[in-house]
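Here is the input, now give the coordinates:
(2 chains)
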Number of protein chains: 2
Amino acid sequence: MAKQRLRVIPLGGAGEVGRNMWVVEYGDDIVILDCGVMFPDADMLGVDLVLPDITYLREKTDHIRGILLTHGHEDHIGAVPHLIADLGFPPIYGTKLTLGLLGNRLREHRLHDKVTTVQINERVPFQVGQFNVEAFHIAHSIPDAVGFAITTPAGLLVYLTDWKLDHTPVDGRPTDLEKIAELGNRKPLVLVTDCVRVESKGYTPSEATVGEAFDNIFATAPGRIIVATFASNISRVQQVIDSAEAYGRKVMLAGRSMETNARIAFELGYLRADESTIIRPHEMSAYPDEEIAIVCTGSQGEPMSALNRMANRDYPNVKIKPGDTVVLSATPIPGNEVSVNKVINNLFKLGADVIYGPEARVHVSGHAAQEELKLVLALLRPSYIVPFHGDYRHLMLYRKLATTIGAVPDSERVLLAEGGTIMEFSPGFGKITGKAPVGYIYVDGTTVGDVGNVVVRDRQLLAKDGMLIVVVSIDSATGQLVAGPDVVSRGFVYMRQSQDLIEATKETVRAALANRNGSNPVDAAYINRKIRDVVSEFLYRETRRRPMVLPMVMEV
Amino acid sequence: MAKQRLRVIPLGGAGEVGRNMWVVEYGDDIVILDCGVMFPDADMLGVDLVLPDITYLREKTDHIRGILLTHGHEDHIGAVPHLIADLGFPPIYGTKLTLGLLGNRLREHRLHDKVTTVQINERVPFQVGQFNVEAFHIAHSIPDAVGFAITTPAGLLVYLTDWKLDHTPVDGRPTDLEKIAELGNRKPLVLVTDCVRVESKGYTPSEATVGEAFDNIFATAPGRIIVATFASNISRVQQVIDSAEAYGRKVMLAGRSMETNARIAFELGYLRADESTIIRPHEMSAYPDEEIAIVCTGSQGEPMSALNRMANRDYPNVKIKPGDTVVLSATPIPGNEVSVNKVINNLFKLGADVIYGPEARVHVSGHAAQEELKLVLALLRPSYIVPFHGDYRHLMLYRKLATTIGAVPDSERVLLAEGGTIMEFSPGFGKITGKAPVGYIYVDGTTVGDVGNVVVRDRQLLAKDGMLIVVVSIDSATGQLVAGPDVVSRGFVYMRQSQDLIEATKETVRAALANRNGSNPVDAAYINRKIRDVVSEFLYRETRRRPMVLPMVMEV
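Sure, this is the predicted structure:
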């Protein structure tokens, strides 16, 4: 590594959406930007979470000077509890709300006593190793979000993610355009920026438009109003509270993460409500339906969420009934459309009115659309740009956008990074120079890393055609079949309705074993492979399916 | 059943999208409307297709006078080969193109010699049992689509599905509004209608807007143009041919179903091209890239489709390269978004430009939006309405729409049917009167029905946490452990990295078996259950996961 260059490496979040984590390295100093989780793709069967891959940092933990967090969403802070020990417990820098939400996560993992956190304030520079860091305010769907300007010996790096320009945000604090303009005057070497909404023309509408839509609903809904949104969307929760207070309703919070996040945000002053507005579940019965609003989790159709349980008549305190109005204040994340549709169908079946979809205007994105991306590029005028927080198509479209408006002299100045891409920068230089190993790190149940690609691939095979187990007991001396073959299948065919197939399978095994030359020494591995081959072939011929065939040979 | 009433029952396609099939019954006469397949939900693991459930018809096959097909899409004709034998081979009525496409399917299943088909013509009434049937033209994304007006002793039933009003369709033949107005004057008793686009305001744009978008792309694309669409969207294929001819390009058809459908449509005169326009794969090398267009399957990201194979550099005749323009002329069906996004990402990675999404205007729906639904209701003025071809939420929104515009005097006149709902109609009477048994009938591999809910549920369990097999050999006389326990797991943990866990599992089994009172008679079922219980509990405690535990007890 050239000592005089700034090294920038995504360990997650580049060419994908989620598990954001960046390494910024100069000489012996490393600072980490964000440390989030990703929710698994549909084909990552049974996986709970996906973490960034910190292999690159394993030999360099002594160099890590700190972790800077932009805001309190899971895809930016969620991996801290899983990775902080392996990173050697570096200090964590964040704003008050971000650290508040992180603190809760650390407590859940019993790590809060082991982690050093440093609360930062916008526009108060601080030193991390040899890096000077300035945090500046950005508008997103959660308060207290910041971007970072990091002055390094090679030049200025600006890290700007999960932002939009919104001139009328819920907390009244728009993105700090003045600071962005000032940074532009300091000629940034490299901008690392979110690009997930680059497919959308124009501007992302202001959160204020959602407030208007809520007011219309709250003014007319005949019974209870139930608003589902992300628990982490603190601004949206505030909007429900605001509309409820304006139209004389109490607010009940439903869902564990919703209650937890709201409690922290209230404690730290990022949620505001009149003293009597928030009520507990058991207090609801004291009010008529038209004076009740509920804000809950489940906007993505998550199976165990409050809204999905309500839609399945399985939530103790809220039984959906005619007269209820349910508002889905979120857009389905790609992959969740079917689950969300099922929830909507079930709510309608229970008699509720359901308000959802883009035309209802009950949700806006927290990310910048094309015109906002252009405006910030025009203000910052960085020498090099690394778009992230998007799939590969978003990176390509962002490169096209930046090139089209002339923000960079040629498209090579927009570097297309994926997980592990090593980029090096110095004045007049910005290139991809290598690749660090980055794979998917799965969290399943309580453990990290004991479920990997092989395990997930097996799950995919099992999910497709099920499996069939063949057990035989062999005399260890003679190789004679002592017992079996026994056959059990799961996820392949109805065992009871397929007795003929099962019997024929056993006959196939018997025939294959009878063909063996009995004088050879017993070779369980050979018998195992033989059974697998003949049974797999037989079953495919009979059913055109390929169940996983698992022979078990016992020598007795 | 009251003999003087008309009975209408969906066996699929109501409260869901796909596998459309309706029973229309009066006295001893039954006519079936459509007979389609559904593509499986993501949680129907390993299933290839879902069929309508014809249980209701099992004892009534003697009453079936015919099957009427509206158009040649898979969700309307695809189940015929799977069900026609069980239905007793009733005659099948359809237009020329519909029967052409069906004939191909029947040949694939070697059924073409056994099925009687009757070609129908628009506006030429025909008799099916005691029903008089009139077919009338409708505009959809495939030519030769019709609606049916069925005169029964109880009154007139209008079956109108997969239509839009499009005044400038590709084949120049708009929906027969004159006929619809005439039917309205005959006071229909019941309208059975598609409602899948009821969430969309306004009118569905005409196919002509897609033609304009294609022309713009064909006028400017620097290299090859590759358009992916449904093989069944014959009209869209025609548009590619039209634009190609206008801008001097040859057209290559890629993908088996695309080639087959186009061949049939050409033979029957529903696709038109200059003699030299269509070229074979090996002829492509004779033309420069800017004179080539390819129309292919894969607009839904289907794994084995032509486009997905191109995106993975696995399609023999087309290697994607910089300069290629790929057009996704389709909207992802809910559940396919992630697969489609992956294809787009891969195409960008290979250097292609990709044109997709609503703002590109390269696709329009074949279904009616709100204003079209309203207009047809105003013309038809049926006494009762049964919306279908939509999820439950679509039915509810359609009911709201019909009630809001005063098309029916009260919302009860819009009957909300799901699979198996029995409805009865006579002048002044229209009610849900019962429920026929309707479940999911799965096609997996070559067989129908030997994969059912239990099998699919097992696949879901296997997909989540995998499984673990425990094999023990027991002396059948003494109950002593003779060999084992052996343990094999798949989809649960890495066996190699989890030796301690596997050893501890075996120890748990040994301990459980040692606790048995040896003097009891050997009870393999008891031992089996005992092993399953202790191992499941042990593994959940250790990993918080619940693999399927399968004990195999061999008595030797």
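
can you list the weak-confidence ranges in chain A?
Low-confidence segments of chain A, defined by pLDDT under 70, are located at A:1-3, A:446, A:449-450, A:496, A:515-521.

can you count the residues close to A:Pro437?
The local packing of A:Pro437 (other C-beta atoms under 10 Å in any protein chain shown) involves 10 other residues. C-beta here means a position set from N, CA and C on the backbone, and glycine is covered the same way.

can you pull the contacts of the nearest residue to A:Thr95 once chain neighbours are set aside?
The shortest distance from A:Thr95 to any residue that is not its chain neighbour, by C-beta to C-beta, 6 or more residues apart in numbering or on different chains, is 4.3 Å, and that residue is A:Asp144. A:Asp144 is in contact with A:His71, A:Gly72, A:Thr95, A:Lys96, A:Leu97, A:Thr98, A:Tyr270, counting by C-beta atoms under 8 Å, 6 or more residues apart in numbering or on different chains.

one more time with 10 Å, if that's ok
Residues in contact with A:Asp144, defined by C-beta atoms under 10 Å, 6 or more residues apart in numbering or on different chains, are A:70-72, A:94-101, A:122, A:137-138, A:171, A:173, A:234, A:265, A:268-270.

what ranges do the helices span in chain A?
With DSSP state H applied, chain A shows helices at A:74-77, A:80-83, A:96-108, A:177-185, A:207-220, A:234-246, A:256-267, A:306-311, A:337-349, A:370-380, A:392-404, A:453-465, A:499-514, A:524-543, listed in chain order.

Surely A:Ser536 is in contact with A:Pro547?
Yes. The pair A:Ser536 / A:Pro547 is scored as a contact, 8.1 Å apart, by C-beta atoms under 10 Å.

who touches both of the two?
Contact with both A:Ser536 and A:Pro547 is made by residues A:Leu468, according to C-beta under 10 Å, 6+ apart.

Please list the residues of the stretch 1-150 of chain A that sit near chain B.
Residues of the stretch 1-150 of chain A lying close to chain B (C-beta under 10 Å from any C-beta of the partner chain) are A:Gly15, A:Glu16, A:Val17, A:Asp41, A:Ala42, A:Asp43, A:Leu45, A:Gly46, A:Val47, A:Asp48.

Which residues are in contact with the last one?
This means A:Asp48. By C-beta under 10 Å, 6+ apart, the contact list for A:Asp48 reads A:Val37, A:Phe39, A:Pro40, A:Tyr442, A:Val443, A:Asp444, A:Gly445, A:Thr446, A:Val451, B:Arg544, B:Arg545.

which non-adjacent residue is nearest the first one?
Think A:Val37. Among residues not flanking A:Val37 along the chain, A:Gly78 sits closest, at 3.6 Å (C-beta to C-beta, 6+ apart).

So that neighbour versus chain B, what's the distance?
Distance of A:Gly78 to chain B, computed by C-beta to the nearest C-beta, to the nearest Å: 18 Å.

residue contacts, A:Pro437?
Counting by C-beta under 10 Å, 6+ apart, A:Pro437 makes contact with A:Leu11, A:Asp53, A:Thr55, A:Tyr56, A:Gly419, A:Gly420.

Report the buried members of those.
Neighbour counting by 16 or more other C-beta atoms under 10 Å in any protein chain shown classes A:Leu11, A:Asp53, A:Tyr56, A:Gly419, A:Gly420 among the contacts of A:Pro437 as buried.

Make JSON lines from the helices of chain A and add mean neighbour count to it.
As requested, these are exported to JSON lines (neighbours: other C-beta atoms under 10 Å in any protein chain shown):
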{"stretch": "helix A:74-77", "mean neighbour count": "26"}
{"stretch": "helix A:80-83", "mean neighbour count": "22"}
{"stretch": "helix A:96-108", "mean neighbour count": "20"}
{"stretch": "helix A:177-185", "mean neighbour count": "16"}
{"stretch": "helix A:207-220", "mean neighbour count": "18"}
{"stretch": "helix A:234-246", "mean neighbour count": "23"}
{"stretch": "helix A:256-267", "mean neighbour count": "18"}
{"stretch": "helix A:306-311", "mean neighbour count": "26"}
{"stretch": "helix A:337-349", "mean neighbour count": "22"}
{"stretch": "helix A:370-380", "mean neighbour count": "19"}
{"stretch": "helix A:392-404", "mean neighbour count": "21"}
{"stretch": "helix A:453-465", "mean neighbour count": "21"}
{"stretch": "helix A:499-514", "mean neighbour count": "16"}
{"stretch": "helix A:524-543", "mean neighbour count": "16"}
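
Tell me which residue of the stretch 51-200 of chain A lies closest to chain B.
Here the residue of the stretch 51-200 of chain A nearest chain B is A:Glu199; by C-beta to the nearest C-beta that distance is 6.1 Å.

burial count for that residue?
Counted with other C-beta under 10 Å, residues neighbouring A:Glu199 total 18.

Give me the distance between the residue nearest to A:Arg65 when sequence neighbours are not counted and B:Ser232.
Spatially, and ignoring its direct neighbours in sequence, A:Arg65 is nearest to A:Gly129 (3.4 Å; C-beta to C-beta, 6+ apart). Per C-beta to C-beta, to the nearest Å, A:Gly129 is found 61 Å from B:Ser232.

Which neighbours in the sheet does the lengthiest strand in chain A have, and how are they oriented?
With secondary structure taken from DSSP state E, chain A has its longest strand at strand A:481-490. In the sheet, strand A:481-490 lines up against strand A:467-474 (antiparallel) (DSSP bridges).

returning to that earlier point: between A:Gly129 and B:Ser232, who's got more neighbours?
Summary of the neighbour comparison: A:Gly129 and B:Ser232, criterion other C-beta under 10 Å, with B:Ser232 having more neighbours (25 against 19).
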